[in-house]
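# Give me a 3D structure for the following:
(chains A and B)
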Amino acid sequence: MSETQAETGSEIKPFISLFAIYRVFFWIGVFSFGGGLVPWMQREIVTARGWMKNEDFVPGIALAQVLPGVNSTNLAVFIGQHLRGLAGVIAALGGMLTGPFIIMIAATAVYHQILDIKPLQIAMTGVAAAAIGMILRTGLSAVQLSITSGIVPIVIMLATFVMIGVMKWPLLWVVAIMTPLSIAVAWPRKPKASGDA
Amino acid sequence: MRDENVLLTLAIILAPLSIASIGGAMGIYAPLQHETVVARPWITPQDFLDLFAVCRFLPGPSSIIGAMIGYKVAGLLGAVVAMLALYVPSSALCYAMSRAWTEGAGKPWQVAMKRGLTPIAAGLIMSGVLALFQLSGGKLLTGAVMIGAAGILVWKSKLHPFPLLIAGAAVFETAWLLGWME
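Predicted coordinates for the structure are as follows:
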């Protein structure tokens, strides 16, 4: 399996064991309180380990969000496939869901008591606020990638933000219109594009 | 026998929700509530609200509420069936798409999609940040912790984020003890 993948890929990928993928995603699943699974994946896969380049990772975020299903599990599938094909998908997804599954089972027994603890509620609101900050950090890295390749991506980025973020228009419609437009503009004109402005 | 029916029903309820939820778990709550509270006497309305609230305290995707319901109605097996129904259909679809993506690496359409999706991703993530901030009440303290956490991560990109989450909790706890939150 891995041989065919090595042949199709133009660059040499470092060998990453399935156990390593499972372990990384296991801890992402356990630590990701307050949401923010996407930045956790970016941190562990791109920043801390260099298993993927950010320019390969960020388009995956859009893909994960546009495809049916939960963003975080879709992104884990995308990363797992990139790293080790189907086995990588199972390791990544299985790893990410193991911890939350066990914690969920444990929480089912005590959740009535948990909900009554006011300080815990306050703490969780704070955790969630910091988690939004993590997502903002991921967003900034995507903005950084977008503004370095000309004026059109900047316009598309701002238009997407205004339509979905500010105007609250339905995501599906906006994406259905903006994505083909953005892809058409980005279509490489030469095999080795050098689009310096 | 009865248990098998419950497991099958769980799978039939959750599998379409797996595919139907685009852009986040928000879309699944209403149909999930309808199927498990209104259409069947599985969960009381108050229990559903409590499960919904407690998911906020747990790590992982918030759609795991489906598995909590599975656990409540059919035990451990119910939870496992619910997990599979929730995540396998959408993951299979995403796998097919990701595979085409990987196999097309370097081809013009893939290069164009990669470049084309980057500004869309930026717009979507920033929209998500804004939506989450507004959903949290848009308070000054939330904004300050959010900006602070993002700033620290820009400054020290390899920092483990868990201490940041703890710090966020500590800031809110302090503000609450000082009586700044009502």
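# looking at chain B, which helix or strand does the model trust least?
helix B:26-33 (a mean of 83; mean pLDDT, DSSP states H and E).
# Who are the packing partners of the helix or strand following that one?
Downstream of helix B:26-33, the first helix or strand assigned by DSSP states H and E is helix B:45-55. For helix B:45-55, the elements it packs on are helix A:71-115, helix B:65-103, judged by 3 or more Cβ pairs under 8 Å, 6 or more residues apart in numbering or on different chains; DSSP states H and E. For the C-beta atoms, the positions are set from N, CA and C on the backbone; glycine is no exception.
# buried sites along helix B:45-55?
For helix B:45-55, burial by neighbour count (16 or more other Cβ atoms under 10 Å in any protein chain shown) applies to B:Asp47, B:Phe48, B:Asp50, B:Leu51, B:Val54, B:Cys55.
# As JSON lines, those residues with distance to B:Leu164 and pLDDT would be great.
Listed next are these as JSON lines, based on distance: Cβ to Cβ, whole Å; pLDDT from 0 to 100:
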{"residue": "B:Asp47", "distance to B:Leu164": "33", "pLDDT": "90"}
{"residue": "B:Phe48", "distance to B:Leu164": "32", "pLDDT": "91"}
{"residue": "B:Asp50", "distance to B:Leu164": "28", "pLDDT": "90"}
{"residue": "B:Leu51", "distance to B:Leu164": "28", "pLDDT": "90"}
{"residue": "B:Val54", "distance to B:Leu164": "23", "pLDDT": "88"}
{"residue": "B:Cys55", "distance to B:Leu164": "21", "pLDDT": "87"}
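# can you redo the residues you listed as JSON lines with distance to A:Ile103?
Output for the buried residues of helix B:45-55, formatted as JSON lines (distance: Cβ to Cβ, whole Å):
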{"residue": "B:Asp47", "distance to A:Ile103": "19"}
{"residue": "B:Phe48", "distance to A:Ile103": "20"}
{"residue": "B:Asp50", "distance to A:Ile103": "16"}
{"residue": "B:Leu51", "distance to A:Ile103": "14"}
{"residue": "B:Val54", "distance to A:Ile103": "11"}
{"residue": "B:Cys55", "distance to A:Ile103": "11"}
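# Tell me the one among these nearest to chain A.
Nearest to chain A among the buried residues of helix B:45-55 is B:Val54, at 4.1 Å by Cβ to the nearest Cβ.
# Tell me the spacing between the closest one and B:Ala169.
As judged by Cβ to Cβ, to the nearest Å, B:Val54 and B:Ala169 stand 17 Å apart.
# and what of A:Val155?
Applying Cβ to Cβ, the value for A:Val155 to B:Ala169 is 39 Å.
# repeat for A:Gly165
A:Gly165 is 27 Å from B:Ala169, by Cβ to Cβ.
# Tell me which of those two has more neighbours.
B:Ala169 (24 against 19; other Cβ atoms under 10 Å in any protein chain shown).
# what about B:Met181, which SS state?
coil (DSSP: H, G, I helix; E, B strand; the rest coil).
# How many neighbouring residues does it have?
Neighbour number of B:Met181 under other Cβ under 10 Å is 13.
# so who does residue 116 touch?
Unless you meant another one, I'm taking chain A. Contacts for A:Asp116 (Cβ atoms under 8 Å, 6 or more residues apart in numbering or on different chains) come out as none.
# my question was about chain B
Contacts of B:Gly116 by Cβ under 8 Å, 6+ apart are A:Thr179, A:Ser182, A:Ile183, A:Ala184, A:Val185, A:Ala186.
# Check B:Pro61 too.
A:Leu37, A:Val70, A:Ser72, A:Thr73, A:Leu97, A:Pro100, B:Ala25.
# State the pair within those residues that is farthest apart.
Pairwise distances across the contacts of B:Pro61 peak at 13.8 Å for A:Leu97 and B:Ala25 (criterion: Cβ to Cβ).
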